[in-house]
Each structure stands twice: as C-alpha cells, then as structure tokens.
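K.L.:
Could you work out the structure for the sequence below:
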Amino acid sequence: MAHWGMFEAETVGGEVTAVHPFSGDADPSPILANAVGSVRHRSRIAGPAVRRGWLENGPGPSDARGADEFVAVGWDELTGLLATELRRVVDRHGNRAIYGGSYGWSSPGRFHHAQSQVHRFLKMLGGYTRSEHSYSLGATGVIMPRVVGTHWKMFARSTNWDVIARETDLMVCFGGVPLKNTAVNDGGTSNHPTRGALDALRTRGGRIVSISPLADDLHGEAERLAPRPGTDVAIMLACGYVLASEGLADRAFLDRYTAGYDKFEDYLLGRADGVPKTPAWAAQLSGLPAETIADLARRMAKGRTLITVTWSLQRVRHGEQAPWAGITLAAMLGQIGLPGGGFGHGYGSMNEPGLAPVPYPLPTLFQGQNPVSDSIPVAAISDLLLNPGQQYDFDGEHRTFPDIRLVYWAGGNPFHHHQDIGRLRRALGRPDTIVVHDPYWTPMAKHADIVVPSTTSLERDDLSCTRNDPLLVAMHAAAPRFADARHDYDTFAALATRLGFGELFTEGRTARQWLEHMYGQWRGFVEADGADVPEFEEFWRRGHLRMRTEEGLTLFEDFRADPEANALRTPSGRIEIFSSDIDGFGYDDCAGHPTWYEPEEWLGGERAREFPLHLIANQPKTRLHSQLDHGATSQASKVQGREPIRLHPDDAAERGLAAGQVVRVFNDRGACLAGVVLDDGLLPGVVQLSTGAWYDPLDPSDPNSLCVHGNPNVLTADVGTSSLARGCTGQHVLVQVERFDGELPPIRAYDPPVVRQR
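P.N.:
Numbering: from 1, shown residues only. Down below sits the predicted model:
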C-alpha cells in the first residue's frame, strides 16, 4: 500500500521493476509508477553519516549546513553520539529545547510511521516542543472548530460521493475539484471514486460550476468561471448579498441553526462599513461580470446546491475567510444537512472527502502523553528557530517561542512544505544540532548534522488503513533492506536502550510482534461491531480484509435533525457566522465574521506593477508532495530536467518565450529555473508551478542561491494566514518570468553529498 494506491510489486535483485494496481481500484493513480527503481536509487542514504563540521567541532550553530561534507560512521558510533547529544541538551536546556518537527506523510503504515515512532520516543525521553495543525489545513484547523466545532468531521464524515451523485442539482466548486489531488490519502487508499462520481452527477442532469483560474481544476464538462486569484471570498460575499437583498436567504434556517447572522448581514449590505458587497463591487475585484455573479447566486437558491471550497483557498493570507464565507453562504441557502446540499471542504484536495468512513478505531501505535506543553503552529518553524523568546499571538493566546537547541526530524521534507527557503536555511543554521531520519538524501537530510538512514515502506512489513477506506491491508515487504539502512523502530529501540528506557519503548516486542499486538487491539473493536475477524496469520496470508463503512452520509444531517440534541461544539452550539470569541481577540487581520481582506500577493495590488504574474504553487499531479521526485512519472513531466511552469500563450508571447525553453522565475525573495509549458486553460496573467521539485541550489553555501530545479518556495513569503491561525500561505505569490540565456547548470538534486570514509 502507498499513499496513492494499493498495488503489488515485482522485484528483481532487491529493486522494484514493476507495479500493478489493485484490481478493485476504479481509477488507479499513475503516481504508482514512481515506485519503480526507488529502492536502490542513487539518492538513497547507504549508511549512518555525520556532518564533518559537527563531528570535528561539536554541537553549535553553523552556516555550513547544506554545503558541508559528511563522514561515514558505524551504527554503534552514531547511536552513542546521538544519545550523548540528546542527554546534553536535556540536562543543560530542558526537553522544551528539542523540537520534534517530523512533519510529512512518511509511510502509510500504521506501525512504521516515522512521526509516530519519533514522537513516542521523544515523549518517553521526557517530551519535546511540538507542532500543531498542518501545512495543508493550517487556517481550517483553527477557524472551523470555532465556526462549527470541528474540522476533521468536514472530511472524515463529509457528504458521500454517492449522495452527491444522486441528489445534488448544482455543485459550486470554489477552487474546482482537482482530480490530481484525489490520487492520495495519508493512510493509503484502495479506490479512487471521484472521477466516476462527477460523471454520474452529470449523467443524472446535475450541473457543476468550477470557479478557478485553472481550467484543469475540474475533470470533464463544467461551467467555468475564471476569477482573478485570491478573490473567492469577494465572490462569495457578493452571492450572499444577492441572497440577502432579494429575499432568497433562508431566514428560518439562519435563526434556528446559526449565531450572529444579523451582524454579518450588516457588513454584507454595507450598513457596518458603508461598502455594500454587491456583485458590482466583487466584479471590480475578481474580474468576473457582475451579472454572472448575481445569476450564480439566484441559481443556487433554485435547487439542491452543494458549495465546496478546496483546501488550496485557505493556503493564502487571510485563508481563514474562504471556508468561513463558504459555510456562511451555504447557511444562507438553508440546505446544510440536506442530502446533496450544504457545504463541503476539501473535495478534490485529497482522496478522503466524499468517501465513507469506518465506524471504529484503527490499529494504532500508542505514543503516550507529551510532558512538555510548548507547541507552535506548524508553519512557524523559521520563526521559532530565528526568534527564541519572542512573543506571538495564536488562536486567542499569547505565546513565547522556546529556545530550540536540537531539531529532530523523522519523515518529511520541509523544503517542500515551507515558504521562503532562504529564510528557512538561515533558521536551520541556528540550532546546535539537527538530526534527520530519511531513506533519501533529500534537501533536509543534506542540512542535517546527524543522518540516520531509514528503510522505505517497500522494505518493511506493516499494516495500512485509513479512516475513509474499507480495507485493512497487510503490507508485505517487497525488497530487502538497502545497504546499511534500518527501520526507525530499531534505531529508536537502540537509542532508548542507551538512554535507559529501552524496555519502556519496545515493551519487549519486535516489529513483527507489534503488528500482531496492534491487529489484536483492532480486532476487538471490529468483533464488538459484530463482524468475524480471522487470526493475524490468516489475515497476513489473505493480504487484506474489508471493514464496514458508513454509507450514505450527509454532513451535519444529525445537527439539522435536532440542533439541541446534536449541538455543535461551539459556544452557541450553532454555526457561528459571527464569533464573539474571535471578535474579542481584537485581531486586525481576522474579524468576528467572514470578511474581505485585500491580499498582498495579487494582481489587483501595487506589488503587481513590479511582479505582474500571479504564480499558483499548487500540488503536483506526478507525485505526492516531493516524494519520489526522481521516479519515472515525475521525471516524465520535467522540461530539460526542470519542473514545468505553465504559462498562457499570450503571457509567453509577450516575453518572447516558447514551449520547452528554460526560464528564470523570480521576485525580490529569490529565483528558480523552470521549463515552459504553454496552456490556454490558464487565466492570462496567471502561471502555475507545482511544489515538490527537490531544492537544488546553484551555490549550496548561499541561502539565497538560484534553485536550478524549480522549487517555488524560494519565491513564497514566510508569513502566516493571520494572527488567529498562522497557517501556511504558500499557494499564491507574485513573480516575473524571463528567458534564461546562460549555460544550463546540471541537476544535482538527487546526487548524494560527499561522504568520506574514516
């Protein structure tokens, strides 16, 4: 099982030579092909290594990370060095001086999941400073619990695709429903139903409106509205204005199921600020005709309408506003909780929304409690490292950044997720020690002091499942361990033994015994649900088991049926269109109700005079994030070895550019090279460059060096969504593009650094 699908692998000589998707998958992902050749790729880390400067000079800040050579060491020496350094940091600075970041998808396995392993280990060590929320959902994870009392329910118990296909008359998709993103699920996936569901909706006579500057943000026939990027909230507000001013809003629903609508309506109609949020007002901001916006609002009120907002729309400045405005608009229509109507968040963002959940807990590795209370918003890693002791606001609290001396990273690549790589590199120069577990010489591994070679999921036995997929899968190792790599569990077990808590960490179990133990716990839940479950060995022989799923769900159906008995976990128990709590925080960048804020990075502002192209840094369709960027599917998309950048033909012609050329993409933060692809499905003035190309600096010693491979995070601003959530804002950035006329530098992203033997 992989994040992007269930498969069988063929291997020869310890390498994967072919993959075959699960026969029950309706629409297998081509990303599976990236697994071929991945076990013994030249970018694999062959054995333990320590950065020379750290080994010779000891722990301390260093600007050589990312440019220094490494020294190969044995496992016993590495374990001793790491145990000694952990003890030094804890004894001298306390456990809060350890940052256990480890943000990333890592393995879909339930046991050999890198984050679970490192967090269990660090908690038993005495704790660590942790991160909260995610880069994908930083704004949503804070705003939705305050508006509807939850955020996970928006995905895990969303309206099912079969209900949408059967009941929805009009599906209005802010950000579209990008099929490419539905290839993946964080715990693996056995089926990809989105394409078929959208086709079934159309066949029944349902209509789809895609609101996006990218034509391919929705599969198949749809009505497309292409607004200026970053103006979705203005369009939602204008639709709400039409509903309110023309008597189309469902006041009975608003009165019973929501709180604070009247205050929001004062803002909407301009009574509060003197600016009515009319379609004409939104037209000036979005570029869409006013009548088009007004007509869309009236059509919404005529039938069963589902309003969806992709996760991408909250990965921008003031990202809290799009999901909040979207659910407010759905509340005005009065269809929340009705089959095929209401609101959805994340359709087309991952292969989870729309899928039926399992009704019981999944096999889980117990991590225990973290004795350290300190935490940061996940997208504030550079702020944390650069500003120890600085105070900041987050979700109504006043917090202080701890003084981090050791960063422990296992699984994940922040050079994919985090903005402003130059600033990130300077931040990574500050701690005393950086430890990285990774199978590959990723950019993060190259910036480590202590490098721990991990096995891949193809080299391990494990269990795989997720909360919205019916299969529990036996992940049989497809290949032997590469070179001197180890399972993270074995590394942490040895390290815990050195530090005096080995028995506590392992509980006396081998990795195989942990799988049997976790299966046994899960089996109890399933049997209590009335199902017969085989013994572990029989399950392992079969390869997978089918679980019961809750079919036919409609989001908030129970709340609509009885809002008192099924009150939301908000102060009012209802949908908080106006939040007194948020209003009371007094933030100037996040008011108490959905609000239009002019973006810094958009085509309607002064900054666009210098950088006149709006770059959308969305997720790639040829890989998951940066995983296996060296794989065949990902490599086939490259242009002269660089990540492709899509331009409208008019924008290319204005700059004298042709398809297949390499260009320099730049702004005042940095620059990267990319390969031109022409696409008239883009709104003119908009370019698209996916995240995930492995960062490849022309000069590894210069934090602001040109990335020759095409990582857009050398361009993006390292600033949070707002004082409320401080989420990731890496989706939008203004740039300029010009032809690169110099000699093309080689791609070294997948080459190991210099590793010297003793």
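K.L.:
what helix or strand does residue 26 sit in?
P.N.:
Using DSSP states H and E, residue 26 sits in no helix or strand.
K.L.:
same check, this time on residue 424
P.N.:
Taking DSSP H and E as the criterion, residue 424 maps to helix 421-428.
K.L.:
excluding its backbone neighbours, what's nearest residue 533?
P.N.:
The shortest distance from residue 533 to any non-neighbouring residue, by CB to CB, 6 or more residues apart in numbering, is to residue 523 (4.6 Å). C-beta: built from backbone N, CA, C; applies to glycine.
K.L.:
Before we go further, that neighbour is sitting in a strand, right?
P.N.:
No - under DSSP: H, G, I helix; E, B strand; the rest coil, residue 523 sits outside any strand and is assigned helix.
K.L.:
Give me the neighbour count for it.
P.N.:
19 (other CB atoms under 10 Å).
K.L.:
Need the per-residue pLDDT for it.
P.N.:
Residue 523 is assigned 95 on the pLDDT scale.
K.L.:
Same check on residue 287?
P.N.:
98.
K.L.:
excluding its backbone neighbours, what's nearest it?
P.N.:
residue 228 (4.6 Å).
K.L.:
does the one you found sit in a helix, a strand or a coil?
P.N.:
Here residue 228 is recorded as coil under three-state DSSP.
K.L.:
any idea how far residue 285 is from it?
P.N.:
7 Å (CB to CB, to the nearest Å).
K.L.:
what's the answer for residue 35, then?
P.N.:
Where residue 285 is concerned, residue 35 sits at a distance of 44 Å (CB to CB).
K.L.:
The two: who's more crowded?
P.N.:
Just comparing residue 35 and residue 285: by other CB under 10 Å the higher neighbour count belongs to residue 35, 25 against 21.
K.L.:
Can you pull the phi/psi pair for that one?
P.N.:
With angles defined as degrees, to the nearest 10, residue 35 sits at phi -70, psi -20.
K.L.:
how about the helices in the stretch 551-700 of the chain?
P.N.:
557-561, 580-585, 632-636, 649-654 (DSSP state H, counting those that start in this stretch).
K.L.:
low pLDDT regions in the stretch 51-200 of the chain?
P.N.:
Residue ranges of the stretch 51-200 of the chain with pLDDT under 70: none are present.
K.L.:
mind listing the helices for it?
P.N.:
52-57, 75-93, 114-125, 140-148, 153-156, 161-167, 194-204.
K.L.:
among these, which is nearest residue 507?
P.N.:
Across these, residue 507 has its closest neighbour in helix 114-125 (10.6 Å, CB to CB).
K.L.:
packing partners for that closest one?
P.N.:
strand 406-410, helix 488-499, helix 502-506 (3 or more CB pairs under 8 Å, 6 or more residues apart in numbering; DSSP states H and E).
K.L.:
need those in JSON lines with mean neighbour count, can you?
P.N.:
Formatted as JSON lines, these follow (neighbours: other CB atoms under 10 Å):
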{"stretch": "strand 406-410", "mean neighbour count": "26"}
{"stretch": "helix 488-499", "mean neighbour count": "21"}
{"stretch": "helix 502-506", "mean neighbour count": "16"}
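K.L.:
rewinding a little: quickly list what's touching both of residue 228 and residue 285.
P.N.:
Common contacts of residue 228 and residue 285, defined by CB atoms under 8 Å, 6 or more residues apart in numbering, comprise residue 604.
K.L.:
before we move on, back to that, now render the helices and strands packed on helix 114-125 as TSV, adding distance to residue 80 and mean pLDDT.
P.N.:
TSV is the format used below for the helices and strands packed on helix 114-125 (distance: least, CB to CB, whole Å; pLDDT from 0 to 100):
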stretch	distance to residue 80	mean pLDDT
strand 406-410	16	97
helix 488-499	7	98
helix 502-506	14	98
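K.L.:
of all the ones you listed, which lies closest to residue 257?
P.N.:
strand 406-410 (43.7 Å).
K.L.:
name the helices or strands packed onto the closest one?
P.N.:
Using 3+ CB pairs under 8 Å, 6+ apart, strand 406-410 sits against helix 75-93, strand 98-99, helix 114-125, strand 433-438.
K.L.:
With distance to residue 54 as new columns, can the ones you listed be given to me in CSV?
P.N.:
Output for these, formatted as CSV (distance: least, CB to CB, whole Å):
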stretch, distance to residue 54
helix 75-93, 9
strand 98-99, 16
helix 114-125, 20
strand 433-438, 7
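K.L.:
which one of those lies closest to residue 464?
P.N.:
Here helix 114-125 is closest among the helices and strands packed on strand 406-410 (CB to CB), at 13.1 Å.
K.L.:
just for the stretch 451-600 of the chain, where's the confidence low?
P.N.:
In the stretch 451-600 of the chain (pLDDT under 70), no residue qualifies.
K.L.:
And for residue 153, the neighbour number?
P.N.:
17.
K.L.:
Actually, residue 564.
P.N.:
By other CB under 10 Å, neighbour count at residue 564 equals 8.
K.L.:
before we move on, the earlier item: residue 471: which of the helices and strands packed on helix 114-125 is closest?
P.N.:
Nearest to residue 471, of the helices and strands packed on helix 114-125 and by CB to CB, is helix 488-499 at 23.7 Å.
K.L.:
Nearest residue to the middle of the protein?
P.N.:
Nearest to the geometric centre of the chain sits residue 136, at 3.1 Å (CA atoms, centre = their mean).
K.L.:
Three-state assignment for residue 376, please.
P.N.:
strand.
K.L.:
How about it: which residues does it bridge to?
P.N.:
Beta bridges link residue 376 to residue 131, judged by DSSP bridges.
K.L.:
The closest residue to residue 564 other than its chain neighbours and residue 112, how far apart?
P.N.:
Of all residues not flanking residue 564 in the chain, residue 573 sits nearest, at 7.6 Å (CB to CB, 6+ apart). Distance from residue 573 to residue 112, counting by CB to CB: 41 Å.
K.L.:
the more surrounded of the two?
P.N.:
Counted by other CB under 10 Å, residue 573 and residue 112 do not tie: residue 112 has more neighbours, with 29 against 16.
K.L.:
which residues touch that one?
P.N.:
Counting by CB under 8 Å, 6+ apart, residue 112 touches 455, 457, 460, 462, 487-489, 511.
K.L.:
at 7 Å instead, please
P.N.:
Neighbouring residues of residue 112 by CB atoms under 7 Å, 6 or more residues apart in numbering: 457, 460, 462, 487-489.
K.L.:
Over to residue 64?
P.N.:
By CB under 7 Å, 6+ apart, the neighbours of residue 64 are residue 53.
K.L.:
10 Å instead?
P.N.:
Shown in contact with residue 64 (CB atoms under 10 Å, 6 or more residues apart in numbering): 51-54, 57, 429, 447, 449, 700-701.
K.L.:
Ok, residue 390 next?
P.N.:
383-384, 399-401.
K.L.:
Just give me the neighbour total for residue 702.
P.N.:
Residues near residue 702, counting by other CB under 10 Å: 13.
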